[in-house]
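Enquirer: Can you look at this prediction? I've put the sequence above it.
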Amino acid sequence: MSWNRKNCPYLLKVKEDAHICNASITMLAPSRANQTSYCFTEDYDICPTFLSHILREGGMGELTI
């Protein structure tokens, strides 16, 4: 897969075919299935790891119920 602006900004390429997720607390290496479903698409914002990171950082502001 080629890198473009639609890819997850937290995915870091460490080798030719190896990536780590910088949104993960433990620097998780996402599976190929997760990379295909989330990291390399516009849908990275529905990734559970990405959402957890945003919530930890307080990036959603105040939540109203």
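Expert: Looks like it came in fine.
Enquirer: Every contact and neighbour count from this point should use C-alpha atoms.
Expert: Will do.
Enquirer: all strands for the chain, in order.
Expert: 11-15, 18-21 (DSSP state E).
Enquirer: Relative to residue 38, which of those is closest?
Expert: Among those, the nearest to residue 38 by Cα to Cα is strand 11-15 (10.2 Å).
Enquirer: Sheet-wise, list the partners of that closest one with their directions.
Expert: Partner strands for strand 11-15, per DSSP bridges, with pairing direction: strand 18-21 (antiparallel).
Enquirer: in the partner strand, what's buried?
Expert: 19-21 (16 or more other Cα atoms under 10 Å).
Enquirer: same deal with stretch 45-60?
Expert: Result for stretch 45-60 [16+ other Cα under 10 Å]: buried residues 47, 49-51, 53.
Enquirer: which strands and helices sit next to the lengthiest helix in the chain?
Expert: Across the chain, the longest stretch assigned as helix under DSSP state H is helix 48-57. Helices and strands touching helix 48-57, as assessed by 3 or more Cα pairs under 8 Å, 6 or more residues apart in numbering; DSSP states H and E, are absent.
Enquirer: Extract the residue ranges of the protein that are flagged as low pLDDT.
Expert: Low-confidence segments of the chain, defined by pLDDT under 70: 1-5, 59-65.
Enquirer: so residue 47 touches residue 40, yeah?
Expert: No. With contact defined as Cα atoms under 8 Å, residue 47 does not count as touching residue 40 (11.1 Å).
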